[in-house]
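Student: 3D, please:
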Amino acid sequence: MNNELKEALELLGKERNIPKEALLKAIEDSLLTACRNHFGKADNCIVNIDRDTYEYNIIQKKTVVEEVTDPVMEISLPDACMIDKNAKLGDEVDIPIDSQKFGRIATQNAKGVIVQKIREEERNSLYRDFFEHEHDIMTGVVQRFLGKNVSVNLGKADAILAENEQIKTEVLKPNQRIKVYVLEVKNNPRGPRISVSRTHPDLVKKLFEQEASEVRDGIVEIMAIAREAGSRTKMAVLSHDENVDPVGACVGVNGTRVNSVVDELGGEKIDIINWDDNPAYLIENALSPAKVIVVVADEDAREAEVIVPDNQLSLAIGKEGQNARLAAKLTGFKIDIKSETQAEELGLFDEFGISAPVYDENGNIIMEGSGEMEYDEDYDEAYDEDAEAFADEEYADEEAADEMEEAAEDTEEEGFPEDTDNE
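Tutor: Numbering: from 1, shown residues only. You can find the predicted model right below:
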């Protein structure tokens, strides 16, 4: 091949992001197709292409025979000796093929093979590029509306934002730039089919990874997210460095980080709470901003009883039950919230073995209840073990004292004189 064709192939590879080896393989296949169209078969044809110079040659292997019955596969001994004077019957002779002698139809078919291979490799290359961004976020431009779905241009390909993946309160406009979460990338004959979302909880997580370096570096970990897209999101965070406040790292100075995420999500409110391995404390945090008197959590049943002050009940439940619903999604517990008055009427304070807080005439707490310490089975088990060990020690001491007392009584009975103080 000449240098112009070499440069053209290299430029094509860079523009379409197609590997050089794929282009050379396409050329090999096209030449074999041309041989098949020209000779009727290409089983004995071999195409060799130099990977550096792009020079190529086509060889047709024929078997030396006395009488030729298949001119494509066989060659007579005299003709073989004209190519290789040492040829013998039964040998294989390599016959060079001049591709310029191929007919117009064979050439057109070869061209078609090259074009098809290039398109296939281009689609595969696009698929590989976008598959790397699966379960990640990308920036796109709203192109057009396909019924209730939206076509979003991601650069080299368009993605589909389905109706159920759109924020209901959000009104998208053509040419608007938005960030989307890539749900799935599928390969098909027309190119990669990309599905994106604006409602997925991981969209919030990825946005915070972009805004907060502590989250991106793994110092602060987002443990759980519960989201009702377009309205409110609750996010529990944990710091792996005692010197880093996880909530503060996500909020940023003057709320710059969280406000950037809120703006991207069209004003969606975001509650950031501290993660806790103790489910009772986690549930208490999840019900923020409501104040909680006590939480009694059953880890086996994944259920929790929560008691809040009377004036905090509506805040704990939230508008249309949203706050309690998001807290349940975040923690994975079924949460039953009761006011302090309801708890007293049902006798829950006595059942839980706690006392209610005491208020003055203005409703201010003047004495905290015992509900600040949540029930912990591990603590009770440890307490029982310590109590049992203490009882064993006390019993051992009493037993030793009884033995000493019995020994003293035996001594008196045997007539030993009592100890007297020396004056």
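Student: show me the shaky parts of the chain.
Tutor: Counting by pLDDT under 70, the chain has low-confidence residues at 1-5, 354-423.
Student: for the residue nearest the centre of it, give me its contacts.
Tutor: Taking C-alpha atoms, centre = their mean, the centroid of the chain lies closest to residue 135, which sits 5.7 Å from it. Residue 135 is in contact with 181-183, 202, counting by C-beta atoms under 8 Å, 6 or more residues apart in numbering. C-beta coordinates here come from the backbone N, C-alpha and C atoms, glycine included.
Student: of these, closest to residue 228?
Tutor: Using C-beta to C-beta, residue 202 comes nearest to residue 228 of the contacts of residue 135, at 14.9 Å.
Student: so the closest one: helix, strand or coil?
Tutor: Put simply, residue 202 is helix when judged by DSSP: H, G, I helix; E, B strand; the rest coil.
Student: how much space between residue 256 and residue 250?
Tutor: Distance of residue 256 to residue 250, given as C-beta to C-beta, to the nearest Å: 11 Å.
Student: compare the two (neighbour count), which wins?
Tutor: Neighbours were counted for residue 256 and for residue 250 using other C-beta atoms under 10 Å; residue 250 has more, 22 against 10.
Student: nearest spatial neighbour of the more buried one, skipping sequence neighbours?
Tutor: Leaving aside its chain neighbours, residue 250 sits nearest to residue 272 (5.0 Å; criterion: C-beta to C-beta, 6 or more residues apart in numbering).
Student: what's the answer for residue 190, then?
Tutor: Leaving out its chain neighbours, the residue that sits closest to residue 190 by C-beta to C-beta, 6+ apart is residue 123, at 7.9 Å.
Student: who's in contact with residue 303?
Tutor: By C-beta under 8 Å, 6+ apart, the contact list for residue 303 reads 297, 333-336.
Student: redo the residues you listed as JSON lines? Include distance to residue 111, neighbour count and secondary structure.
Tutor: Formatted as JSON lines, these follow (distance: C-beta to C-beta, whole Å; neighbours: other C-beta atoms under 10 Å; DSSP: H, G, I helix; E, B strand; the rest coil):
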{"residue": "297", "distance to residue 111": "71", "neighbour count": "24", "secondary structure": "strand"}
{"residue": "333", "distance to residue 111": "66", "neighbour count": "23", "secondary structure": "coil"}
{"residue": "334", "distance to residue 111": "67", "neighbour count": "11", "secondary structure": "strand"}
{"residue": "335", "distance to residue 111": "68", "neighbour count": "20", "secondary structure": "strand"}
{"residue": "336", "distance to residue 111": "73", "neighbour count": "13", "secondary structure": "strand"}
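Student: of the residues you listed, closest to residue 319?
Tutor: Here the nearest of the contacts of residue 303 to residue 319, counting by C-beta to C-beta, is residue 335; it sits at 16.4 Å.
Student: and that closest one, how far is that from residue 303?
Tutor: Note on residue 335: its distance to residue 303, by C-beta to C-beta, is 8 Å.
Student: so how far is the helix or strand harbouring residue 327 off the chain centroid?
Tutor: Residue 327 is part of helix 322-331 when elements are defined by DSSP states H and E. On the basis of C-alpha atoms, centre = their mean, to the nearest Å, helix 322-331 sits 22 Å off its chain's mean C-alpha point.
Student: how about it: buried residues?
Tutor: 323-331 (16 or more other C-beta atoms under 10 Å).
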